[in-house]
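Visitor: Here you go, sequence then predicted model.
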Amino acid sequence: MDSLTLKRRVYRLLKFGVVGGSGVVVNLVVFRVMLWLLGDFIRMDAKIFAANLVGVVVSIFTNFLLNDRWTWGDRIKGAGRWWHRLGKYYLTASIAGGVQLALTSLSYEFVWQHLDMRFLRHDVSPDAALLSGIAAGMAINLAVSHLWTFKDE
C-alpha cells in the first residue's frame, strides 16, 4: 500500500470517529430529552430503555447522513442506491445498537444505579450506563462498517 492510500484510509478513519462522536452527542441529547418527556409515568429501567432506543434510532440516521455525504462522500454511489445504503447502515448499526441497548440496561441495573453519581444535583448514572453501551456499540459499528457497509468496491 502506498503512502497516499494509507493517508486516505487514516483520514477516512478520523472522519468516521468525528461522525461517531457527533452521534454520541445526538444520542445523549435525545436520551435526556426522552427521559424528561417520559417523566414519572413508567419505571426508571423501562424509561432508560425507551429513551435509549429512540436515541439510537435518531443517532443512526444522523450518522448515516454524515458518513454517506462526508466520510465516504468521495465515492460514486449512484443516486438510486441511497435507500440501499441506508438499509445496510441501519442493519449494521442495529447490531451495534442492540449491544448498546443490552449493555446500557444491564450496566445500569447491576452497576451504575448502585453508585451515588450526582452532578449539579442530577443523577448521572443513566448517562454513565448509556456511555458504557455506546462505547461497545461504536467498536462493533466501526468494524462492521469498515468490512461490509462502506467497503471499497
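Guide: Received it, and whenever you're ready, just let me know what you need.

Visitor: Can you list the buried residues in the helix ranked longest in the chain?
Guide: Longest helix in the chain, counting residues (DSSP state H): helix 3-38. Within helix 3-38, the residues that qualify as buried are 12, 15-16, 19-20, 23-24, 26-28, 30-32, 34-35, 38, counting by 16 or more other CB atoms under 10 Å. Bear in mind the C-beta positions are built from the backbone N, C-alpha and C, glycine included.

Visitor: pLDDT-wise, what's the bottom of these?
Guide: Lowest pLDDT of the buried residues of helix 3-38: Arg12, 81.

Visitor: so how far is Asn67 from that residue?
Guide: Distance, Arg12 to Asn67, by CB to CB, to the nearest Å: 10 Å.

Visitor: Quick one: the strands in this structure, in order.
Guide: Counting by DSSP state E, one finds strands in the chain at the ranges 118-119, 122-123.

Visitor: The first one: partners in the sheet, and parallel or antiparallel?
Guide: Strand pairing for strand 118-119, using DSSP bridges, gives strand 122-123 (antiparallel).

Visitor: chain center to the partner strand: distance?
Guide: 23 Å (CA atoms, centre = their mean, to the nearest Å).

Visitor: in the protein, what spans have low per-residue confidence?
Guide: Along the chain, the model assigns pLDDT under 70 to residues 1, 77-80, 150-153.
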